[in-house]
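Colleague: sequence and predicted structure, then a few things I'm wondering about:
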Amino acid sequence: QVQLVESGGGLAQAGGSLRLSCVASERTFSLSSYRMAWFRQAPGKEREFVATIRWSTGSTDYADSVKGRFTISRDNANNTVYLQLNNLKPEDTATYYCAARLVNMDRYKYWGQGTQVTVSS
């Protein structure tokens, strides 16, 4: 069982930056057994994938819409996954969710409560 707590959302101007944090706690497996990800959901739209990182190797992948602007990383010492959001655009406005799954599973099972990011033009 993994518990995820996000923070760091807020209001930014277009072209600005924010950093989201996701603190993970896991009681059974090591976090190295997990893949972590960020998703987002804008009002009236479906939730979409943003970025993912494999905890053990640090390998990453991104949605095309955020490549070159967002960076996902993890801090092993603090069990935290970060999403650095640079060059923000109004279309990045959404609730951002941290998610986790075991690497051998297909679907993300664990989700945080979400943190709101609002980008003004």
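Modeller: Done, it's in. Residues are numbered from 1 along each chain as shown.

Colleague: what's the residue closest to the geometric middle of this protein?
Modeller: Centroid-nearest residue in the chain, with C-alpha atoms, centre = their mean: Trp38, separated by 2.6 Å.

Colleague: how about it, nearest residue that isn't a chain neighbour?
Modeller: The shortest distance from Trp38 to any non-neighbouring residue, by C-beta to C-beta, 6 or more residues apart in numbering, is to Val50 (4.3 Å). (Glycine included, C-beta is placed from N, CA and C.)

Colleague: please apply the same query to Leu18.
Modeller: Among residues not flanking Leu18 along the chain, Leu85 sits closest, at 4.7 Å (C-beta to C-beta, 6+ apart).

Colleague: re the thing from before, now do the buried residues in the helix or strand encompassing the residue nearest to Trp38.
Modeller: In this assignment (DSSP states H and E), Val50 forms part of strand 48-54. Neighbour-count burial for strand 48-54 flags Phe49, Val50, Ala51, Thr52, Ile53, Arg54 (criterion: 16 or more other C-beta atoms under 10 Å).

Colleague: return the member of these nearest to Lys67.
Modeller: Ala51 (9.1 Å; C-beta to C-beta).

Colleague: beta partners for Ala37?
Modeller: According to DSSP bridges, the residues that bridge with Ala37 are Thr52, Ala99.

Colleague: state the distance from the residue nearest to the centre of the chain to Asp92.
Modeller: 12 Å (C-beta to C-beta, to the nearest Å).

Colleague: Ser120 now?
Modeller: In terms of C-beta to C-beta, Ser120 sits 11 Å off from Asp92.

Colleague: who's more crowded, those two?
Modeller: Taking other C-beta atoms under 10 Å, Ser120 and Asp92 do not tie; Asp92 has more neighbours (22 against 11).

Colleague: quick one: residues contacting that one.
Modeller: Counting by C-beta atoms under 8 Å, 6 or more residues apart in numbering, Asp92 touches Arg40, Val66, Leu85, Val117, Val119.

Colleague: how far away is it from Phe39?
Modeller: From Asp92 to Phe39 the distance is 13 Å (C-beta to C-beta).

Colleague: model confidence score at Thr28, please.
Modeller: With respect to pLDDT, Thr28 scores 69.
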